[in-house]
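>>> what's the 3D shape of this:
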Amino acid sequence: MPSNQTPNYKLSQWERADKVQMEDFNADNAKIDAALKAETDARTALAAQVAKLGNCQLSHIIYTGTGKYGQDNPNTLVFPGKPVLVIISPTSYCPPLFVALRGTTEVTPWSQDQHTSYRSTVIWGEDRITWWCVTNNGSQMNGENWKYSVVALLLKE
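Below you'll find the predicted structure:
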């Protein structure tokens with residue numbers, strides 16, 4: 001019979017004078033087995049809960065415009081996943097607001113003065129979006145030295 005036990009699982013701790021018995025080892029092994037099983041069950045339950053958390057993630061990027069525009073000077077943003085929704089706005093004020101949903105081929109940035117917003121062509125890649133406007137750099141969200149904030153919803157596969 002052991003003189004002491006461990007503090008957490010109450011496993012046997014013998015002194016030199018203790019009589020060691022098979023039942024003590026069997027009881028300790030049963031406690032260890034139960035603790036390992038509980039840990040495995042808890043990890044499995046946690047993984048199942050995490051799997052239910054959704055199929056997307058958010059990405060945030062800030063970029064600085066170059067002042068260029070047109071098909072020969074497109075903007076491209078690369079993400080750590082597949083973008084399904086991209087929203088772009090200058091960091092200094094809002095609007096204009098560029099909102100592109102995956103699959104759209106043209107976007108007209110929303111602005112309070114609709115006369116200054118022109119259509120941009122949009123191309124979607126597996127992990128990126130590319131766009132350009134043939135009319136001006138403002139509608140292309142690429143004003144020279146302007147900072148733009150991008151929020152993207154990425155498909156988590």
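>>> When you work out contacts or count neighbours from here on, use the C-alpha atoms and nothing else.
Will do.
>>> all strands for this protein, in order.
Under the criterion DSSP state E, the chain contains strands at 4-5, 12-13, 56-64, 75-78, 82-90, 98-101, 106-107, 120-124, 128-132, 147-155.
>>> Show me what the last one is packed up against.
This means strand 147-155. Helices and strands in packing contact with strand 147-155 are listed as strand 56-64, strand 82-90; criterion 3 or more CA pairs under 8 Å, 6 or more residues apart in numbering; DSSP states H and E.
>>> Return the most buried member of the ones you listed.
The densest packing among the helices and strands packed on strand 147-155, expressed as mean neighbour count by mean count of other CA atoms under 10 Å, is seen in strand 82-90 with a mean of 21.
>>> In the sheet, which strands lie alongside it, parallel or antiparallel?
In the sheet containing strand 82-90, its partner strands are strand 98-101 (antiparallel), strand 147-155 (antiparallel), by DSSP bridges.
>>> Turn those strands into a markdown table, columns for mean neighbour count, distance to residue 140 and mean pLDDT.
Formatted as a markdown table, the strands paired with strand 82-90 follow (neighbours: other CA atoms under 10 Å; distance: least, CA to CA, whole Å; pLDDT from 0 to 100):
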| stretch | mean neighbour count | distance to residue 140 | mean pLDDT |
| --- | --- | --- | --- |
| strand 98-101 | 19 | 9 | 91 |
| strand 147-155 | 18 | 11 | 94 |
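>>> any chance of these in TSV, with distance to residue 40 too?
Shown next, in TSV, are the strands paired with strand 82-90 (distance: least, CA to CA, whole Å):
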stretch	distance to residue 40
strand 98-101	41
strand 147-155	29
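>>> which one is the residue nearest to the spatial centre of the chain nearest to, not counting chain neighbours?
Using CA atoms, centre = their mean, the residue of the chain that lies closest to the mean C-alpha position is residue 57, 3.7 Å off. On the basis of CA to CA, 6 or more residues apart in numbering, the spatially nearest residue to residue 57 that is not a chain neighbour turns out to be residue 154, at 5.2 Å.
>>> again with residue 69
The nearest residue in space to residue 69 (CA to CA, 6+ apart) is residue 137, at 4.9 Å.
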